[in-house]
Each structure stands twice: as structure tokens, then as C-alpha cells.
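Visitor: Just a sequence and a predicted model for now, questions to come.
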Amino acid sequence: MQAATDHLSTTFAALADPTRRAILARLSSGEASVQELARPFNMTLPAVSKHLKVLEKARLIRRSRSAQWRPCYLEAAPLKEAADWVEQYRRFWEASLDRLGEYLRELQEKEKHNDSKRRNGKKKN
């Protein structure tokens with residue numbers, strides 16, 4: 001279980017930065033060079049390269065080489081692992097909220113019943 005947690009930790013650490021999330025969003029529409037990825041950001045190419053190294057370490061992207069062209073590609077498998085992990089907690093919260101909703105409905109029904117009893121009791125007096 002520790003290895004899975006380590007992968008998740010690396011994935012979530014990589015996703016914690018908005019620049020890296022923006023890079024992944026861009027790569028979701030297709031391959032891109034470092035220069036293309038750097039264009040929307042106000043940072044140097046070495047700074048963008050550092051972000052790419054973090055994403056590579058997390059296995060969220062891969063880079064290839066074709067002559068001078070070094071495209072980056074999205075690797076979605078770690079995102080699926082993270083989504084699957086988060087899904088467990090989504091189900092937990094949905095079930096908890098469903099139970100809370102049911103409890104609130106029961107309270108509302110009791111309140112309606114008590115209000116009705118009070119109104120009917122006042123009418124008889």
C-alpha cells in the first residue's frame with residue numbers, strides 16, 4: 001500500500017501548483033513543445049522546464065525527441081489513480097449527505113406533525 005501512497009503523494013504534489021495544472025490542461029488537447037507550453041506564462045524557459053521535470057517525475061507527462069523537436073505528452077494514468085482514490089471519499093460524503101438529508105426530512109415531518117397538533121389543540125379551546 002505504501003507504493004500506491006507514494007505515487008499518489010507525487011501526483012498530488014505535482015497537481016498542487018497552478019502552473020503545472022495549466023500545463024496539463026494544455027497537454028490534454030495534444031502534444032506541445034516546451035516553448036509552446038511556456039508561452040502563456042510570465043516565466044523563463046528554465047522555470048517551465050523545472051515544472052516539466054516535476055510532472056515527469058510524477059509520471060503525468062512524457063517527453064520524446066524527434067530531431068530538434070522535443071514534444072511533451074500527457075500521461076493520464078496517474079490522474080486516473082488519483083481520481084479513483086478521491087472517488088472513495090466522494091462516495092463516503094454522498095452517503096453521509098444522503099443520511100443527513102433523510103434525518104432533516106424526518107425532523108421536518110415531526111415538526112409538521114407537532115404544528116398540526118398545536119393548531120388542532122388551539123381550535124378545540
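Guide: Nice, thanks for sending it over. Numbers count the residues shown, from 1 in each chain.

Visitor: element containing the residue nearest to the spatial centre of the chain?
Guide: Geometric centre of the chain, nearest residue: Ala83, 6.7 Å, by Cα atoms, centre = their mean. Of the helices and strands defined by DSSP states H and E, Ala83 is found in helix 77-124.

Visitor: how many other residues sit next to the closest residue to Leu45 other than its chain neighbours?
Guide: Leaving aside its chain neighbours, Leu45 sits nearest to Ala38 (5.6 Å; criterion: Cβ to Cβ, 6 or more residues apart in numbering). All C-beta spots, glycine's among them, are computed from the backbone N, C-alpha and C. Applying other Cβ atoms under 10 Å, we find 20 residues neighbouring Ala38.

Visitor: residues touching Ala38, list them.
Guide: 44-45, 48 (Cβ atoms under 8 Å, 6 or more residues apart in numbering).

Visitor: Give me the buried positions along stretch 35-49.
Guide: Going by neighbour count (16 or more other Cβ atoms under 10 Å), the buried part of stretch 35-49 is 37-38, 48.

Visitor: gap between the two ends of it?
Guide: By Cα to Cα, to the nearest Å, the extent of stretch 35-49 from end to end equals 10 Å.

Visitor: Tell me how far that stretch lies from the chain's centre.
Guide: With Cα atoms, centre = their mean, to the nearest Å as the basis, stretch 35-49 stands 24 Å off its chain's centre.

Visitor: Averaged pLDDT, it. What do you get?
Guide: Stretch 35-49 shows a mean pLDDT of 93.

Visitor: From Gln88, how far off is Arg94?
Guide: Quick fix: residue 94 reads Glu, not Arg. Using Cβ to Cβ, to the nearest Å, one obtains 11 Å as the distance from Glu94 to Gln88.

Visitor: residue ranges with poor pLDDT in this protein?
Guide: 1-5, 67, 122-125 (pLDDT under 70).

Visitor: same thing but at 50, please
Guide: Low-confidence segments of the chain (pLDDT under 50): none present.
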